[in-house]
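Trainee: give the three-dimensional model of this entry:
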Amino acid sequence: MLEAEIKLALAPGDVDPLRARLAALGARAHGTRTQVDTYFAHPTRDFASTDEALRLRADGDELRVTYKGPKLDPPLKTREEIELALQTDHPTASRLLERLGFRVAAEVRKRREEWTLDGDLTVHVTIDEVDGLGTFCEVEVASQTVEDGRARLRAAQERLGLAHLAPIPESYLELLARRTTR
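Mentor: Just a heads-up that it's a prediction; the model follows:
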């Protein structure tokens, strides 16, 4: 199974209409929470050039480590994702990764509002306020193939009234890195 995802930049005036559209479509709101994503650099591979990522996510009381494989369909973000829940704290998990040769590369902080739209196709929608970047919408679906993911995302974007927005291929990490090198 693949995770197919698009990221869309939202103007301040886009957020309330998107929430209204989600509510009108019967989407379930799951609340808002703060997430802190710590990204790690590999000891022998340049993840930026291989388009991979290793992330430790603190999400309330939950801690997860996630490997993200290279994007298969830019500007969409269809990629392999492997995620494990950890039963420890952030400092211990970070120390383990550092002992294995990984080093902290960057941190991304965001307020994430989550919605789920059920139906023929389950769509996960987030509205993210990312420190230092602004507000974004991520639309995610599960798919069997790249082509299936592309079609599902296009249908979801239309259904949400967001077809006029162009997908952003970069991750929040890449966007922050580009912003700091300017």
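Trainee: and the closest residue to Leu86 other than its chain neighbours, what does it touch?
Mentor: Of all residues not flanking Leu86 in the chain, Leu63 sits nearest, at 4.5 Å (CB to CB, 6 or more residues apart in numbering). C-beta: built from backbone N, CA, C; applies to glycine. With contact taken as CB atoms under 8 Å, 6 or more residues apart in numbering, Leu63 is in contact with Leu56, Arg57, Ala85, Leu86, Thr88, Asp89, His90, Ala93.
Trainee: which of these are buried?
Mentor: Burial by neighbour count, 16 or more other CB atoms under 10 Å: within those this picks out Leu56, Arg57, Ala93.
Trainee: for Val123, the count of nearby residues, please.
Mentor: Using other CB atoms under 10 Å, Val123 has 23 neighbouring residues.
Trainee: confirm Pro91 sits in a helix?
Mentor: Yes: note on Pro91: a helix contains this position according to DSSP: H, G, I helix; E, B strand; the rest coil.
Trainee: what's the burial count for it?
Mentor: Residue crowding around Pro91 was assessed by other CB under 10 Å; the count is 8.
Trainee: for it, give its distance to Arg103.
Mentor: As judged by CB to CB, to the nearest Å, Pro91 and Arg103 stand 15 Å apart.
Trainee: what of Phe47?
Mentor: 11 Å.
Trainee: quickly list what's touching both of the two.
Mentor: Counting by CB under 8 Å, 6+ apart, the common neighbours of Phe47 and Arg103 are Ala41.
Trainee: list the contacts for Pro74?
Mentor: Counting by CB under 8 Å, 6+ apart, the residues that Pro74 touches are Pro169.
Trainee: quick check: phi and psi at it.
Mentor: Pro74 has phi and psi values of phi -60, psi 140 when expressed as degrees, to the nearest 10.
Trainee: any idea of the pLDDT on it?
Mentor: pLDDT recorded at Pro74 is 78.
Trainee: do the one 10 residues further on as well
Mentor: Residue-level confidence at Leu84 comes out at 97, pLDDT.
Trainee: chain neighbours aside, what residue packs nearest to it?
Mentor: Val65 (5.3 Å).
Trainee: okay, and the beta partners of Thr126?
Mentor: Judged by DSSP bridges, the bridge partners of Thr126 are Glu114, Glu138.
Trainee: okay, now it: neighbour count?
Mentor: For Thr126, using other CB under 10 Å, the count is 19.
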